[in-house]
Structures are given as C-alpha cells and as structure tokens.
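**Student:** A predicted structure for the sequence below; I have some questions about it.
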Amino acid sequence: MSGVAPDDVFTVLDVGGTTLRVGAYDPATDTLSRVRRTPVDGMHRDPGAPVPVLQRRVVEQIVREVAALTGGRPPRALGVAFAGPISAAGLVLAAPTVWGRRGAPLPLGELLTERTGAPAVVVNDLTAAAWRYAASEPGDFCLLTVSSGIGNKVFRGGEVLVDADGHGGELGHWVCDLSPDAPLCDCGGRGHLGAVASGRGVLAATRRAAHADGAAFRGSRLAVLCDGRADRIDNRAVAEAVRAGDPFTTEVLRGTVTRLAQAVTGVFAAIGVCRFILMGGFALAVGEPYRRLLVAELVRLGCFGLGAGEIDAMVSLGEADDDHGLIGAGRLLAARTPAPSSQGAS
C-alpha cells in the first residue's frame, strides 16, 4: 500500500442495494486504494429469502470482505456507508433495497465491532457521501441521488441534518402520487418519489409509454437502441437516447423529473438551501441533459426569490464515479477518530 502501514488506514465499505464496495482509506493523504466490488448478498440475489436470513448474510459478507482486505487483522477503524435510515448508534432501522420490506432493526455497528475487533461507525450511504462533498463545498448543500432509488441529505453547519433515530433525508419516500394504481416502492408503499422518479421508476414509465404510444416509440432513437421492442428497454438505452436528444424518451423523463423538482422546491422553501448536487448511477449516466431538465422544471415551478440564472447555478452534477460512500466514510472517520500515536490509537 505504497509504504502505508495497515494500522494507519481505515477500512471503508459502501453497502448498496446491488453492490458492496470495500477499500482502504488513508487519512494522511486523503486517498482510497484496494477497492473491491462484489454483488450484495441481499434480496436481489435471493428475492424469496426471509429478512432475518438476508440480514445475517449481509453481516457475514461484510465481515468476510473486511478480513480479506486486512489479511485477517483488526482494522484501525471501520466505516460503513449503508443504504437505509441509520440511528446515531449504528442501528439499521430499514433497508428496502437490501433486504426488502421492514424487518427487525439490525444493530449493525455493534455486530461489526464484535466481529471485527475494531470500532465501527455505520451511517446512511448519503450521509457518508455528504462528507465527501463537505470538503469542497464552501457552504450548506443538499445532496440528491437518483439511482435504483432516490435519497437526499442536507449538510449544514458542519453536520448532516438527521436526528438521533436517523430521520431526515428520505425524499425518496415522500408520497408524490396519490392515485390508487401509483407505482409500488421497495418499502411497500405506493406513490413514493423513489418509485416514480428513480432509475427503476423512469424505466417503468418509459416501457408504459412505449406500449401506450407505439407509433411514437417506433419513431424514436430509443426504438433503434432496443430493436423496436419495448420489453428490451433498459436504463442504459434510456440514458443514451436522452443524451442523443430523442424527443420521445426525453418527454418521458421530464414527467418524472417534475416530481423531483417539486421535492427540491420544498427543501429550498423550507430551509433555504441554495446548493443541490446530483449524484447516483442513473442521473450521472444521463449527465448534463438530466441537470438541464431538472433546472428547467425548477424554473417553471419557481424557487421563491430566485431568477432563472440563480436556479441554474444552484444545481450541479457530482463526481462521475461510485466512490462517494467510501471516500465519505473515510473522511467521516478521519474527523471522529484520534490520530495514532506511538502508544497506539485510543
């Protein structure tokens, strides 16, 4: 590890709905190394497994990955970015994308400390990602992720705004569609923003539109990418079609972005955050066209007191990588963990 002693680095993990990432973070140089990615042993690998079984599998997988990275030695400290609401004590309250509908709360921080022999800090994945951007953002900001789900976190006054029970930053579970046939969220609720405007939500909406208006679909760039078959539409094709300026696909996406823009205007109006950073696999795959669509909807809806140019300036794209949780968890540990001394870390 370029001459860095194992005791000087942190072990960091990012546990999402489909992928687990693990790596080593060096607080002295603010660098990440030895990153490994593997499918999560969650519901997407075994949809029929009971929640307690999936919880045990995920814990065992984390312990294995930590041991593989450190050669079996206890890490200096363990930082885990996890996809779900987390209490201040490291209790996972829910994990809709990892093990589905709500089961019993999982004391992940306590379990990992016992199993690895190292102090473990477990935070929501977006809380960790916010710590990544806190180093470069001069003021308060709201982080928005649009991937398999939707989430947000507000960073203000040197901390992420969540209470001790992990409440806050769950815009993906705001009910934005009250119709009886509204899309079903992973958590079991209907009409949640994440079910409507996430990558999965956009995919479902695009397929519905292709079936409902076959002529428009067949004349689109998207149809060329999918051999004219609606059942072959995937998010990669949707993103490529929007980037190419395809009117059919862009209009479908605009309809979902409108819901996200409504949520953003609510955050802005409620607490006055004037900086929004977009991240997440789907939003970043579409890229600048996604940002422009969101800005256009924000301008149309209006952000009280701001002009079009100011609204445009307040929305930007995040870094185009998947290291947000890892780097953020490392920076969070660096802020909370005493530096090692000749007598050893306390």
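**Tutor:** Happy to help now that I have it. Numbering: from 1, shown residues only.
**Student:** can you give me the strands for this structure?
**Tutor:** 10-15, 19-26, 31-39, 78-82, 120-124, 141-146, 150-156, 159-160, 276-279, 315-317 (DSSP state E).
**Student:** Extract the CA atoms of the fourth one and return them as PDB.
**Tutor:** When you say that, I think you mean strand 78-82. What follows is strand 78-82, C-alpha atoms only, in PDB (Å, rounded to 0.1, in the frame of the first residue of the first chain):
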ATOM      1  CA  LEU A  78     -14.300   0.500  10.200                       C
ATOM      2  CA  GLY A  79     -16.600   3.000   8.400                       C
ATOM      3  CA  VAL A  80     -19.700   1.700   6.700                       C
ATOM      4  CA  ALA A  81     -22.000   3.600   4.400                       C
ATOM      5  CA  PHE A  82     -25.300   1.700   4.300                       C
END
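**Student:** mind listing what that strand pairs with, with the direction of each?
**Tutor:** strand 10-15 (parallel), strand 120-124 (parallel) (DSSP bridges).
**Student:** avg pLDDT for it?
**Tutor:** Taken as a whole, strand 78-82 carries a mean pLDDT of 96.
**Student:** tell me how far that strand is from the chain's mean position?
**Tutor:** Here strand 78-82 is found 13 Å from its chain centre; the criterion is CA atoms, centre = their mean, to the nearest Å.
**Student:** do the same with the longest one
**Tutor:** Between the mean C-alpha point of strand 31-39 and the mean C-alpha point of its chain there is a distance of 17 Å (CA atoms, centre = their mean).
**Student:** related to what we said a few turns ago, quick one: which of the strands paired with strand 78-82 is nearest L294?
**Tutor:** Using CB to CB as the measure, strand 120-124 is the one of these that comes nearest L294, at 22.5 Å. All C-beta atoms are positioned from the backbone trio N, CA, C, and that covers glycine.
**Student:** give me the number of residues near A164?
**Tutor:** A164 has 8 neighbours, counted by other CB atoms under 10 Å.
**Student:** what about the closest residue to A67 other than its chain neighbours, how many residues close to it?
**Tutor:** In this structure, A67 finds its nearest non-sequential neighbour in T116, 7.8 Å apart by CB to CB, 6 or more residues apart in numbering. Other residues near T116 come to 20 when the count uses other CB under 10 Å.
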